[in-house]
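> Got a sequence here, can you build the structure:
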Amino acid sequence: MKEAAGEANLTVVAIILIGVVVAVVTPLVTSLMSSSAEKACCSDAGGIWRNGGCQPGSSAYDSTGYRECVEQATSNQ
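Numbering: from 1, shown residues only. Alright, predicted model coming up:
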């Protein structure tokens, strides 16, 4: 009987640990995905990603296209 109780306790501990890991990792992954989407939109609009923002990289830089792309990417998450 004690062995069954021990296994049940280990199962509960494992479930709690999985929940904690998911709770910690989810915001990190969401942040990384958002940052990656912004960088991709910047590149598509002809910009260069510098210092955490999109900077015009050439005369063909489309700031409106960049903003629309970012809005669409963040609304899809």
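> Now do the strands in the chain.
Along the chain, the segments classed as strands by DSSP state E run 47-50, 53-56.
> Which one of the ones you listed lies nearest to Val25?
In terms of CB to CB, the element of the strands of the chain nearest to Val25 is strand 47-50, at 24.3 Å. Just so you know, the C-beta spots here come from the backbone N, C-alpha and C atoms, and that holds for glycine as well.
> what residue is smack in the middle of this structure?
Thr30 (2.4 Å; CA atoms, centre = their mean).
> about what we covered before: could you redo the strands of the chain as a markdown table and give each row distance to Ala37?
Formatted as a markdown table, the strands of the chain follow (distance: least, CB to CB, whole Å):
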| stretch | distance to Ala37 |
| --- | --- |
| strand 47-50 | 12 |
| strand 53-56 | 12 |
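> Pipe the ones you listed into CSV and attach mean pLDDT and mean neighbour count per row.
Formatted as CSV, the strands of the chain follow (pLDDT from 0 to 100; neighbours: other CB atoms under 10 Å):
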stretch, mean pLDDT, mean neighbour count
strand 47-50, 91, 16
strand 53-56, 90, 14
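> partners of Arg50 in the sheet?
The partner list for Arg50 in beta bridges (DSSP bridges) reads Gly53.
> and the longest helix for the protein?
Longest helix in the chain, counting residues (DSSP state H): helix 2-44.
> elements contacting that one?
strand 47-50, strand 53-56, helix 63-75 (3 or more CB pairs under 8 Å, 6 or more residues apart in numbering; DSSP states H and E).
> Could you export these as TSV, including distance to Ala8?
Below are the helices and strands packed on helix 2-44 laid out as TSV (distance: least, CB to CB, whole Å):
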stretch	distance to Ala8
strand 47-50	50
strand 53-56	52
helix 63-75	43
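> Appreciated, that's everything.
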